[in-house]
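Peer 1: Structure, please.
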Amino acid sequence: MSNELIFGFHSVEAILAKEPERFLEIYALKGRDDKRLTPIIDEARKFGISVQFMQRKALDNKSKDEQHQGIIANVKAAPTYNEKDLDVIIAREETPFLLVLDGITDPHNLGACLRSADAAGVHAIIVPKDKSAKLNGTARKVACGAAETVPLIQVTNLARTLREIKDAGVWVVGTAGETDTHVFDASLTGPMAIVMGAEGEGMRRLTREHCDVLVKIPMAGSVSSLNVSVATGICLFEVLRQRNANN
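Peer 2: Alright, predicted model coming up:
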């Protein structure tokens, strides 16, 4: 199994709390001794994890100048999830709530979508294996720990996966600017998959064709669209609002 670097307090804390056995080594900022970093170091040492203190420049080089907050960890790569795992999740949940990201290639956006998905109670995120952002250190840091709680399902054929989840009773709701249906007017209370397309390009044709309904976020200003992670959060929390209203 390969290794990967993760960085930032939330990412390191999340894996340390759930899977400390994945840690190989921690690199921490030399000379920093505060209430945020010290407890992580102390907890890591309880598990026998090696901690190496380094100058900021060395940490910057390791993180390729991403914001690391003074802590980086070398960990065993997390297991990946596929279509079989998705089948288990759908069968397990009484009212499955899924997020589909079609062509999201920026790891910052992937991380932000993971964070919103966790907060809204999404059971899994589905992405195509090709032409999608990887769950790297940047995505994990932006996700603030959500990458360790929301399964990221990588599928070989997204159109086929959409057909299969529809056969399992999941209603597939796509987002598109040209529809007349506002997301706040749509019924989003049952087993649900929200599909978000890439910024600018939107959903691919086959993805769109497999949606049961299309919705859009009403825009009141001069801009024509939102960042995909912002739009994702709005749609997910509308689903959550409607679910809570029906309980």
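
Peer 1: what kind of secondary structure is the most centrally placed residue in the chain in?
Peer 2: Computing the C-alpha centroid of the chain and ranking residues by CA atoms, centre = their mean puts residue 114 first, at 2.3 Å. What DSSP: H, G, I helix; E, B strand; the rest coil gives for residue 114 is helix.

Peer 1: so it touches residue 150, yeah?
Peer 2: Yes: with the criterion set as CB atoms under 8 Å, residue 114 and residue 150 qualify as a contacting pair; they are 5.6 Å apart. Just so you know, the C-beta spots here come from the backbone N, C-alpha and C atoms, and that holds for glycine as well.

Peer 1: so what's in contact with these two at the same time?
Peer 2: Between them, residue 114 and residue 150 share these contacting residues under CB atoms under 8 Å, 6 or more residues apart in numbering: residue 125.

Peer 1: Tell me where the protein has strands.
Peer 2: 3-7, 23-29, 50-54, 71-76, 97-102, 124-128, 152-155, 171-175, 192-197, 213-215 (DSSP state E).

Peer 1: what's the closest of those to residue 164?
Peer 2: Proximity to residue 164, assessed across the strands of the chain by CB to CB, is greatest for strand 152-155 (9.4 Å).

Peer 1: Give me the helices and strands touching the closest one, please.
Peer 2: Secondary-structure packing of strand 152-155 (3 or more CB pairs under 8 Å, 6 or more residues apart in numbering; DSSP states H and E): helix 83-92, strand 124-128.

Peer 1: Same list, those, but as JSON lines with distance to residue 222, mean pLDDT and mean neighbour count please.
Peer 2: What follows is those, written out as JSON lines (distance: least, CB to CB, whole Å; pLDDT from 0 to 100; neighbours: other CB atoms under 10 Å):
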{"stretch": "helix 83-92", "distance to residue 222": "40", "mean pLDDT": "97", "mean neighbour count": "14"}
{"stretch": "strand 124-128", "distance to residue 222": "31", "mean pLDDT": "97", "mean neighbour count": "23"}
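
Peer 1: before we move on, back to that, in terms of mean pLDDT, which of the strands of the chain ranks lowest?
Peer 2: For those, the bottom mean pLDDT is recorded on strand 3-7, which sits at a mean of 89.
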